[in-house]
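S.K.: Sequence and predicted structure are below.
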Amino acid sequence: MRALPSWPGRRISPRRALALSLGAALLTACASGGARPSVGPTPEAAAATDTGYLRSRGLMIPVLGVTLDRLSDTFYDRRGEERIHRAIDILAPKGTPVLAADNGTIVRVSSNSLGGLTIYAIDPLRRLVYYYAHLDRYDVIAYKGKVVAKGDVIGYVGTTGNARGGPPHLHFQVMRYRDERRYWDGEPIDPFPYFATTGQDR
Ligand SMILES: [Zn+2]
């Protein structure tokens, strides 16, 4: 004979046991689906945290010799009919060293039609992605997986991609890191208020 399920301290009938276990199952289903109260940060709070984190990185202006007073905020500039720039353009003579704005790791070195020669890097906690574009050429240390320190020379200012024919500059973008497969597609953050130091070679 099978033992009846027991509740602590007392025996119960099989029917009662079934009702109790169904009730427990329903409670579990409610807890795991639908309208449970949100426990994560709101999007606004998450954004505030990201900018707070960006500030804490103490970003270097990623072009050698460029000082804060020579920089202007081109993040919200219109580019064409629909597009907002959502990056910073840093003007400098062709061949000026491009520096890592932060410590981290290079995750991609590649060219595309808009950006020309580009580098993607991420910060040590994998919360931010740094995109460097229109490079004239790469430095030898610019390869996937390379750990870089703030101020390392990773490339040189140029006019590749859709900057061809215009003034040489670095197109620098900061994005929130999304995930491994779509790191290049995170929401951009205006880095302009968060640059802490002049571009200096290490
Ligand atoms: Zn640009």
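M.R.: Arrived safely.
S.K.: which residue does this protein bring closest to the ion?
M.R.: Nearest residue of the chain to the ion: His171, at 3.4 Å (CB to the ion). Glycine gets a C-beta too; all of them are placed from N, C-alpha and C.
S.K.: so that residue bridges to which residues?
M.R.: Per DSSP bridges, the residues bridged to His171 are Asp89, Ala133.
S.K.: Which positions in the chain make contact with the ion?
M.R.: Contact residues (CB under 5 Å from the ion) of the chain with the ion: Ala87, Asp89, His171.
S.K.: Reformat the residues you listed as a markdown table; add distance to Asp123.
M.R.: A markdown table is the format used below for the residues of the chain next to the ion (distance: CB to CB, whole Å):
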| residue | distance to Asp123 |
| --- | --- |
| Ala87 | 17 |
| Asp89 | 22 |
| His171 | 19 |
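S.K.: Show the buried residues in those residues.
M.R.: When the residues of the chain next to the ion are checked for burial by 16 or more other CB atoms under 10 Å, the buried set is Ala87, Asp89, His171.
S.K.: what's the closest of the residues you listed to Arg182?
M.R.: Ala87 (17.9 Å; CB to CB).
S.K.: circling back: so can I have JSON lines of the residues of the chain next to the ion showing pLDDT?
M.R.: Shown next, in JSON lines, are those (pLDDT from 0 to 100):
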{"residue": "Ala87", "pLDDT": "97"}
{"residue": "Asp89", "pLDDT": "97"}
{"residue": "His171", "pLDDT": "98"}
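S.K.: List just the nearest of those to Thr160.
M.R.: His171 (10.1 Å).
S.K.: ok, that closest one to Gly52 distance?
M.R.: Noted for His171: a distance of 25 Å to Gly52, by CB to CB, to the nearest Å.
S.K.: Kindly report the same for Thr96.
M.R.: 31 Å.
S.K.: Those two - which one has more neighbours?
M.R.: Each of Thr96 and Gly52 has its neighbours counted (other CB atoms under 10 Å); Thr96 has more, 21 against 10.
S.K.: Tell me the predicted confidence for that one.
M.R.: Per-residue confidence (pLDDT) for Thr96: 98.
S.K.: what are the ranges of the helices in this protein?
M.R.: Secondary structure of the chain (DSSP state H): helices at 14-32, 43-57.
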